[in-house]
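Asks: Pasting the sequence and the predicted model now:
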Amino acid sequence: MKITKLTTYRLPPRWMFLKIETDEEIVGWGEPVIEGRARTVETAVHELGEYLIGREPSRINDLWQVMYRGGFYRGGPVLMSAIAGIDQALWDIKGKVLNAPVWQLLGGLVRDRIKIYSWVGGDRPADVIAGIESLRKIDFDTFKLNGCEELGIIDDSRKVDAAVNTVAQIREAFGNEIEFGLDFHGRVSAPMAKVMIHELEPYRPLFIEEPVLTEQAEYYPRLAAQTHIPIAAGERMFSRFEFKRILEAGGVSILQPDLSHAGGITECYKIASMAETYDVGLAPHCPLGPIALAACLHIDFVSRNTVFQEQSMGIHYNQGAELLDFVKNKDDFDMTGGYFHPLMKPGLGVEIDEEQVIRRSQSAIDWRNPLWRYADGSVAEW
Ligand SMILES: [Mg+2]
């Protein structure tokens, strides 16, 4: 079997799908994208495609090394996201050829179901109570929200109080019947992270995510030393070689590699395993589409240290398309009760509605994240 063609489709809300074709009519699907830079990743996918055409799709390990090491320069969001989507599509082909789901090829199930959590509250957390109430109706009990809006390097007590009040209201409304993580989204600087974590401790969030940016990762162990709240990070780390430093430095309790950003299934399976050796949990980052989610689930079902899985149903970014719009086998992604079950179809287990993909890709907009500024006009982290 030989790889014959790579086709990319930029899609709403902010996704990109990749179809890899072979000379034996088996195709694989992947989701290579960096949110807001889809066209850049698209170019990288087609450049890497030069290594793939005419090659055997079954040799994923070799093709991965060729894509990673073959160009001298490596790593980073663009190249690693391109590799990630290609890698997913190659695993999809392998599973279809061998008539087995990817988790089966990785050694089989380590659990029967995986807990999921849901986003509430949007970019500037609002209507959080109503959001949680509506998801409680389908038995979700675990949530995530942004921990604050933009925050200056040193900021005032009103901003801190506003953030803390939102969280206090959640605990007051639901007590211990629900759990929630707080995503600082890289919006918080090291000085204010200390303040915010201290103020939020009484409300016992499940975790604090990206308390500071990855660029300031040396603060993770320092912040962890002053709090009992688990720290989560990893959505802006792109390979084992970055995660190695985080694990060695300590302080992070939950790693969040993104299956569409950190080299795909091949790389993230290894990252998951590295985390297990440090007694660190795994919660794959996934605010993206159904192929990225399926890739995450295959890792979740073979990694004992997975804590829970993020998913994007109803997320504030999903304007113009929802998680399962391009999926034919929607029932396989049933979330009732707040759990996913193993995908049983061969390969990734996602049946793509290709007609819909082609049609909707013709009018896809180029999504960009908002650019935030402080009151004085300087740029704030979003
Ligand atoms: Mg995040």
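Replies: Good, I have the coordinates. Numbering: from 1, shown residues only.

Asks: so what's the residue in the chain that the ion sits nearest to bridging to?
Replies: Here the residue of the chain nearest the ion is Asp183; by Cβ to the ion that distance is 4.4 Å. No exception for glycine: its C-beta is placed from N, CA and C like everyone else's. Beta-bridge partners for Asp183, by DSSP bridges, are Asn146, Glu209.

Asks: Show the pLDDT at the nearest residue to Leu109 once chain neighbours are set aside.
Replies: Setting aside the residues directly before and after it, Leu109 is nearest to Phe301 in space (Cβ to Cβ, 6 or more residues apart in numbering), at 5.3 Å. Note on Phe301: pLDDT of 98.

Asks: Phe301 and Pro342 touch, don't they?
Replies: Yes - counting by Cβ atoms under 8 Å, Phe301 does reach Pro342; the two are 5.2 Å apart.

Asks: Looking only at neighbour counts, state which of these two leads.
Replies: More crowded of Phe301 and Pro342, by other Cβ atoms under 10 Å: Phe301, with 26 against 20.

Asks: Could you give the backbone dihedrals for the more buried one?
Replies: phi -80, psi 0 (degrees, to the nearest 10).

Asks: who's in contact with the residue lying closest to Ile3 once chain neighbours are set aside?
Replies: Nearest in space to Ile3, with sequence neighbours left out and distances taken as Cβ to Cβ, 6+ apart, is Leu52 at 4.8 Å. For Leu52, the contact set (Cβ atoms under 8 Å, 6 or more residues apart in numbering) comprises 3, 6, 20, 63, 86.

Asks: now do 7 Å
Replies: Neighbouring residues of Leu52 by Cβ atoms under 7 Å, 6 or more residues apart in numbering: 3, 6, 63.

Asks: could you pull out the helices for the stretch 201-350 of the chain?
Replies: Counting by DSSP state H, counting those that start in this stretch, the stretch 201-350 of the chain has helices at residues 219-224, 240-249, 264-277, 290-300.

Asks: what would those helices look like in JSON lines with mean neighbour count and distance to the ion?
Replies: Below are those laid out as JSON lines (neighbours: other Cβ atoms under 10 Å; distance: least, Cβ to the ion, whole Å):
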{"stretch": "helix 219-224", "mean neighbour count": "19", "distance to the ion": "14"}
{"stretch": "helix 240-249", "mean neighbour count": "16", "distance to the ion": "15"}
{"stretch": "helix 264-277", "mean neighbour count": "21", "distance to the ion": "16"}
{"stretch": "helix 290-300", "mean neighbour count": "29", "distance to the ion": "14"}
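
Asks: Pipe those helices into JSON lines and attach distance to Trp372 per row.
Replies: Below are the helices of the stretch 201-350 of the chain laid out as JSON lines (distance: least, Cβ to Cβ, whole Å):
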{"stretch": "helix 219-224", "distance to Trp372": "22"}
{"stretch": "helix 240-249", "distance to Trp372": "26"}
{"stretch": "helix 264-277", "distance to Trp372": "30"}
{"stretch": "helix 290-300", "distance to Trp372": "25"}
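
Asks: For Glu179, find the nearest of those.
Replies: helix 290-300 (17.9 Å; Cβ to Cβ).

Asks: Mind giving me the packing neighbours of that closest one?
Replies: With contacts taken as 3 or more Cβ pairs under 7 Å, 6 or more residues apart in numbering; DSSP states H and E, helix 290-300 sits against helix 264-277, strand 309-310.

Asks: how about a cut-off of 8 Å?
Replies: Packing partners of helix 290-300 (3 or more Cβ pairs under 8 Å, 6 or more residues apart in numbering; DSSP states H and E): strand 27-30, helix 76-98, helix 102-105, helix 264-277, strand 309-310.
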